[in-house]
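# Everything below, folded, please.
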Amino acid sequence: MPTVAARCHHSLLERAHRSYLGLLPALATFALLRQYGHPAPFWLFLGGIVAVSVYLAAVAHYTPPPDSIGQGLLVLLDGPLWLLAAQLIPERPVLALGFAVETFVLEGSAVWLAILWLALTSPWPTRGQRWASVGLMLVAAGVIGALAWPYLQATYGAGLRGFWLLAGILQAVIVRVKALRYGPRSTRDADASILYLAGCIGAWIAALSLGIVLHGK
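Prediction:
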């Protein structure tokens, strides 16, 4: 039976993990738009809303609480550790909040690809709904991939750095597929989940607007 202190630690780790994952879209979008801009902000907004909403819903409802402090730390750090391996390779261009960009690409891709995989392989719910999910996930991955492409191309290229990113995405996809198959495991109540989603989406919209305004300044 876990002690009161252990339960508090688990709760703090769970909140830290969800807060960290929830802020990644805003930080990454701001960094990319401030540095590179975007030729079609309106379409980025529409596609980004789909991508970020699906990502945040998966984080809010399908991220299992840790069973132990060690597991919580592993879940919190597994994505960043893959990227840290890539960052140890020299001659990487520097971008403010670049680590947030890379982590969002990793974690977001894992969510969208996991849903895409389940939509293509699962017999439920209906065929039309599954194909709609496939289309939405392709839009989500395409929009964020296009936004992050200039940074990823300059930072990773086709060498060993890219291998670490792909390895991290593959590992995260496997974790997400298992979580999505298991079903919702969040300990949050409905009101807390709504506030979490609204706050993170609002932060993303603000970051998108600020990044566009500050681009080139």
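# From now on I want contacts and neighbour counts done on CA atoms only, so please keep to that.
Noted.
# elements contacting the helix or strand containing residue 47?
Per DSSP states H and E, residue 47 falls inside helix 41-62. For helix 41-62, the packing partners by 3 or more C-alpha pairs under 8 Å, 6 or more residues apart in numbering; DSSP states H and E come out as helix 4-36, helix 98-121, helix 127-155, helix 190-214.
# Contacts for the last one next, please.
Pointing back at helix 190-214 there. Defining contact as C-alpha atoms under 8 Å, 6 or more residues apart in numbering, one finds that helix 190-214 is touched by 22-23, 25-27, 29-34, 37-38, 41, 45, 49, 52-53, 56-57, 60-61.
# for the chain, which spans come out with low pLDDT?
Where the chain drops to pLDDT under 70, the residues are 1-14, 63-96, 124-125, 156-162, 182-190.
# Repeat the analysis, applying 80 as the threshold.
Counting by pLDDT under 80, the ranges of the chain that qualify are 1-17, 61-98, 122-130, 155-169, 171-172, 175-176, 178-192, 216-217.
# rewinding a little: mind checking the helices and strands packed on helix 41-62 for the one nearest to residue 165?
Residue 165 lies closest, by C-alpha to C-alpha, to one member of those: helix 98-121, at 7.0 Å.
# Just the buried residues of that closest one, please?
Of the residues in helix 98-121, those buried by neighbour count under the rule 16 or more other C-alpha atoms under 10 Å are 98-116, 118-119.
# which parts of stretch 39-59 are buried?
44-45, 47-59.
# which one of these is nearest residue 181?
The closest of these, once distances to residue 181 are taken by C-alpha to C-alpha, is residue 58, at 11.8 Å.
# If we ignore the residues flanking it in sequence, what's nearest that closest one?
Using C-alpha to C-alpha, 6 or more residues apart in numbering and skipping the chain neighbours, the partner closest in space to residue 58 is residue 111 (7.0 Å).
# Then residue 130?
Counting by C-alpha to C-alpha, 6+ apart, the nearest residue to residue 130 once its immediate chain neighbours are dropped is residue 119, at 4.9 Å.
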